[in-house]
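S.K.: coords please:
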Amino acid sequence: MKLNCDLGESYGIWQLGQDNKLMPHIDMANIACGFHAGDPSVINSTLLLAKNNQTEVGAHPSYPDKVGFGRRSMKCSTSEIIDFMHYQIAALDGMAKNHGITISYVKPHGALYNDMMSSSNVADAIFESIHQYHRPLKLMLLATPDQSSYQDKAKQYRIDLIFEAFADRRYTSTGHLMSREHPKALLNKQEMLEQVENLISKKVVISQSGEPLVLKVDSLCVHGDNAEAINVIKQLKLLCSK
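M.R.: Numbering: from 1, shown residues only. Here you go, the predicted structure:
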């Protein structure tokens, strides 16, 4: 199981995350495209970092909401979503080409990701944007107990999917991520390790209500914004490599 992480989220003199320390321990880098975080210099340096570590690169587009870090939903039309998806993907894709890098997938960020998983209209717009792009790209989205509807949609739009689970987030009984506003939404170190061990050995996560949810997972999302998190990711990498 591959590890993926959101990177390139600094902006100007504002530094977020530990990309230099994290990149060697992940397989897939979801790089911010400038709408919720990142700027041209940050994007460029993050791409170079990924290239030097032979890390697969994906675009991490969001709603145009830098002030809210892309975590606030916006009421956008289908055409608006398609347009800002293409704008962000193409920006990262073009900069990547300068370094001989080919981006291979797209993972929406924050509220756009959550809306994709809860709104068929937003999901259709995102699927359509990837379908319309000038070359094939995969779409990364949340693994849920019932993935057949997304697989059917992917066939309709002729795109491939990457299903991910989250190492550090608690799941609801429906198989979605618990809101960050909930005090128990984020798992501690021991809970993270147990959740990943269950995913690897049993292909399940335990929901907030205590029931097991069967998930088909291709990639595991991790976050490493402090020293302890980096150590946990190293442990997760060993678990996923078994």
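S.K.: Regarding this structure, what is its longest helix?
M.R.: helix 78-97 (DSSP state H).
S.K.: Tell me the helix or strand right after it.
M.R.: Moving toward the C-terminus from helix 78-97, the next helix or strand (DSSP states H and E) is strand 105-106.
S.K.: partners of that following strand in the sheet?
M.R.: strand 56-60 (parallel), strand 138-142 (parallel) (DSSP bridges).
S.K.: Just the strands from the chain, written as ranges.
M.R.: Here the chain has its strands, by DSSP state E, at 2-7, 28-32, 56-60, 105-106, 138-142, 161-166, 204-206, 212-214, 219-222.
S.K.: I'd like these written out as a markdown table, with distance to I89 and mean pLDDT added.
M.R.: Yep, even glycine has a C-beta here, placed from its N, CA and C like the rest. Shown next, in a markdown table, are these (distance: least, CB to CB, whole Å; pLDDT from 0 to 100):
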| stretch | distance to I89 | mean pLDDT |
| --- | --- | --- |
| strand 2-7 | 16 | 96 |
| strand 28-32 | 11 | 98 |
| strand 56-60 | 5 | 98 |
| strand 105-106 | 6 | 98 |
| strand 138-142 | 11 | 98 |
| strand 161-166 | 15 | 97 |
| strand 204-206 | 30 | 94 |
| strand 212-214 | 31 | 94 |
| strand 219-222 | 19 | 95 |
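S.K.: what's the closest of those to K155?
M.R.: K155 lies closest to strand 161-166 among the strands of the chain, at 9.8 Å (CB to CB).
S.K.: what angle sits between the longest helix of the chain and strand 56-60?
M.R.: With axes from the mean of the first three to the mean of the last three CA atoms, to 10 degrees applied, the angle from helix 78-97 to strand 56-60 works out at 150 degrees.
S.K.: residues touching I233, list them.
M.R.: Going by CB atoms under 8 Å, 6 or more residues apart in numbering, I233 touches L3, C5, L22, H25, I26, V222, G224.
S.K.: Surely the fourth one and K237 touch.
M.R.: Yes: the pair H25 and K237 qualifies as a contact (CB atoms under 8 Å) at a distance of 5.3 Å.
S.K.: so what sits against both of those two?
M.R.: Common neighbours of H25 and K237 are listed as L3 (criterion: CB under 8 Å, 6+ apart).
S.K.: follow-up on the earlier one: just send the strands paired with strand 105-106 back as JSON lines, with distance to S129 too.
M.R.: Listed next are the strands paired with strand 105-106 as JSON lines, based on distance: least, CB to CB, whole Å:
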{"stretch": "strand 56-60", "distance to S129": "11"}
{"stretch": "strand 138-142", "distance to S129": "9"}
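S.K.: highest average neighbour count across those?
M.R.: strand 56-60 (a mean of 26; mean count of other CB atoms under 10 Å).
S.K.: got the contact list for that strand?
M.R.: 2, 4, 6, 8, 27-33, 47, 50, 88-89, 92-93, 96, 101-109, 137-138, 140.
S.K.: Drop anything exposed from those residues.
M.R.: Buried subset of the contacts of strand 56-60 (neighbour count, 16 or more other CB atoms under 10 Å): 4, 6, 8, 27-33, 47, 50, 88-89, 92-93, 96, 101, 103, 105-109, 137-138, 140.
S.K.: tell me the contacts of N198?
M.R.: V204, V205, I206, P212.
S.K.: Give me the distance between it and G94.
M.R.: Separation of N198 from G94 (CB to CB, to the nearest Å): 41 Å.
S.K.: What number of neighbouring residues does the nearest residue to S209 once chain neighbours are set aside come out with?
M.R.: In this structure, S209 finds its nearest non-sequential neighbour in S173, 4.6 Å apart by CB to CB, 6 or more residues apart in numbering. Neighbourhood size, S173 [other CB atoms under 10 Å]: 12.
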